[in-house]
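>>> mind looking at a prediction? Sequence and model below.
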Amino acid sequence: MKDEKYILKWLNGEIPDEELSLLKQDKSFKNLEKIAHYSSQIETPKVDIEKALKEFGLKKTTVKKSKVISFNYKSVYKYAAAVIVLLVSSYFLFFNNSASFSTQYAETKTFNLPDNSEVILNANSNISFNKKKWEDNRNLQLDGEAYFKVKKGKSFTVNTSLGKVTVLGTQFNVKKRKNFFEVKTFEGLVSVQYKNTLVKLAKGKVFKVINDTIQGVTTFNINDKYWLQNESNFKSIPLKFVIDDLQNQYDYTVSTKNINLDQLYTGGFTHTDINIALQAITIPLQLSYTIEGKNITIYKNDK
C-alpha cells in the first residue's frame with residue numbers, strides 16, 4: 001500500500017470513515033485484513049516501552065552529550081506495534097502451510113484435498129496435512145473416522161496413532177477410536193501397517209484391531225457403506241465401542257449400570273432417531289434405557 005499512515009491509523013482504530021473508504025479500495029486491503037486477523041490471536045511479549053526507550057535515550061546522550069534527544073513515546077509505540085504485527089503475521093500468511101478439517105458430535109463433513117481426492121469425515125473426527133507439500137507428499141493425520149476416494153498418483157498415506165494406511169488410488173474407510181482401529185477396502189488395494197504387522201487388503205476385506213489385539217482379516221459387503229448411509233453397524237464388537245459410536249452420532253452422554261461392557265454386540269443403529277437407535281442396541285441384549293435431557297442411562301433390570 002502506498003500510504004502507510006492510513007495503515008497505522010487503521011491498525012490503531014483511529015482512521016476516519018473517508019480514509020477507511022480509500023483504504024478499502026486498495027487491492028492489497030484483503031491481505032492487510034488477514035494480517036490483522038492472525039496477529040490478533042497472538043500474545044506478543046510484554047515490553048516496558050517507556051523504560052526501554054529511556055535507557056536507549058541515556059545511552060545516546062552519553063555518546064553525544066551535545067545533542068538533546070526527545071521522543072514521542074506514543075508515536076514510537078504505535079510504529080513499533082505495527083512492525084511487530086506485520087512481521088509476526090507474515091509468518092502465518094507465508095510459512096504456516098498446515099490445513100485441518102474437523103467435525104463435532106453428530107456432524108459429518110465432505111471436502112476435497114489439494115489433488116481433488118475426496119474425504120468424507122465422520123462425527124467427532126479430525127484430519128490435518130501440509131497443503132504446500134501435498135503435491136510431493138500426500139500424507140495426512142487422522143483422528144476419528146473417514147472415508148477416502150483417492151485420485152490415482154503418488155503414494156497416499158493416512159497416519160493414525162494406532163496404525164498407518166498407504167494406497168496409490170482407491171476407496172477405503174479408516175476408523176481410529178480409543179483402543180479401536182479398523183480399515184475397510186471398497187476399491188483397489190490397501191496396505192495397512194500396525195506396529196510390526198503389514199497387511200495387504202483387497203476389495204471387500206477388513207482389518208481390525210481391538211484393545212491392542214489383532215482380530216485378523218475378514219470380509220464385508222462393499223455395498224454397505226454404513227455410516228455414509230446414516231447407519232452404524234457392528235459384527236461381534238464389545239458393547240463399549242458401540243456406545244462410544246452412539247455418543248459420537250447423537251451428542252448424548254451415555255452412562256451404564258449393571259452392564260458388562262465387554263459383551264459382544266452384532267447389529268446396528270440409525271443416525272436419525274435416538275429412540276430407535278437405543279432400541280436396536282438394548283432389545284437384543286435384554287437391556288433398558290432412560291433419557292433425561294442430553295443424558296442417557298442404559299441398565300440391566302434385576303429380576
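Noted; the coordinates are in hand.
>>> count of neighbours near Asn126?
14 (other CB atoms under 10 Å). (Each C-beta comes from the backbone N, C-alpha and C, glycine too.)
>>> surely it and Leu142 touch.
Yes. Asn126 is within contact range of Leu142, at 7.4 Å (criterion: CB atoms under 8 Å).
>>> now the common contact residues for those two.
Taking CB atoms under 8 Å, 6 or more residues apart in numbering as the contact rule, Asn126 and Leu142 have no neighbour in common.
>>> just list what the helix or strand hosting Leu246 packs against, helices and strands only.
Here Leu246 sits within helix 239-250, counting by DSSP states H and E. If you count contacts as 3 or more CB pairs under 8 Å, 6 or more residues apart in numbering; DSSP states H and E, helix 239-250 packs onto strand 171-177, strand 231-238, strand 253-257, strand 264-270, helix 274-282.
>>> mind putting these into TSV with distance to Pro114 and mean neighbour count?
Listed next are the helices and strands packed on helix 239-250 as TSV, based on distance: least, CB to CB, whole Å; neighbours: other CB atoms under 10 Å:
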stretch	distance to Pro114	mean neighbour count
strand 171-177	18	22
strand 231-238	30	17
strand 253-257	37	13
strand 264-270	35	16
helix 274-282	37	17
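>>> for Asn137, which of those is the nearest?
strand 171-177 (18.3 Å; CB to CB).
>>> tell me the helix or strand right after that closest one.
Following strand 171-177 in sequence order, the next helix or strand is strand 180-187 (DSSP H and E).
>>> tell me the mean pLDDT over that following strand?
Strand 180-187 shows an average pLDDT of 97 in the prediction.
>>> got the contact list for that strand?
Against strand 180-187 from outside (CB under 8 Å, 6+ apart): 160, 162-163, 165, 170-176, 190, 192, 194, 201-210, 220, 222, 225, 241.
>>> okay, angle between it and strand 171-177 too, please.
170 degrees (axes from the mean of the first three to the mean of the last three CA atoms, to 10 degrees).
>>> just to revisit the earlier point, turn the helices and strands packed on helix 239-250 into CSV, columns for distance to Ile291 and mean pLDDT.
Below are these laid out as CSV (distance: least, CB to CB, whole Å; pLDDT from 0 to 100):
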stretch, distance to Ile291, mean pLDDT
strand 171-177, 23, 97
strand 231-238, 18, 95
strand 253-257, 10, 96
strand 264-270, 14, 96
helix 274-282, 7, 97
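>>> quick one: which of the ones you listed is nearest Thr103?
Closest to Thr103 of the helices and strands packed on helix 239-250, according to CB to CB: strand 171-177, at 13.6 Å.
>>> so what strands line up beside that closest one?
Partners of strand 171-177 in the sheet, by DSSP bridges, are strand 138-149 (antiparallel), strand 180-187 (antiparallel).
>>> might you calculate how far that strand sits from the centre of the chain?
15 Å (CA atoms, centre = their mean, to the nearest Å).
>>> swap in stretch 193-208?
25 Å.
>>> what's that stretch in contact with?
162-166, 172, 181-192, 209, 214-222.
>>> go on, stretch 139-153?
For stretch 139-153, contacts defined as CB under 8 Å, 6+ apart pick out 103, 113, 115-130, 133, 138, 156-161, 167-177, 225, 227-228.
>>> give me the pLDDT for the residue lying closest to Asn126 once chain neighbours are set aside.
Ranked by CB to CB, 6 or more residues apart in numbering and with sequence neighbours excluded, the top spatial neighbour of Asn126 is Ser102, at 4.2 Å. Predicted confidence (pLDDT) for Ser102: 97.
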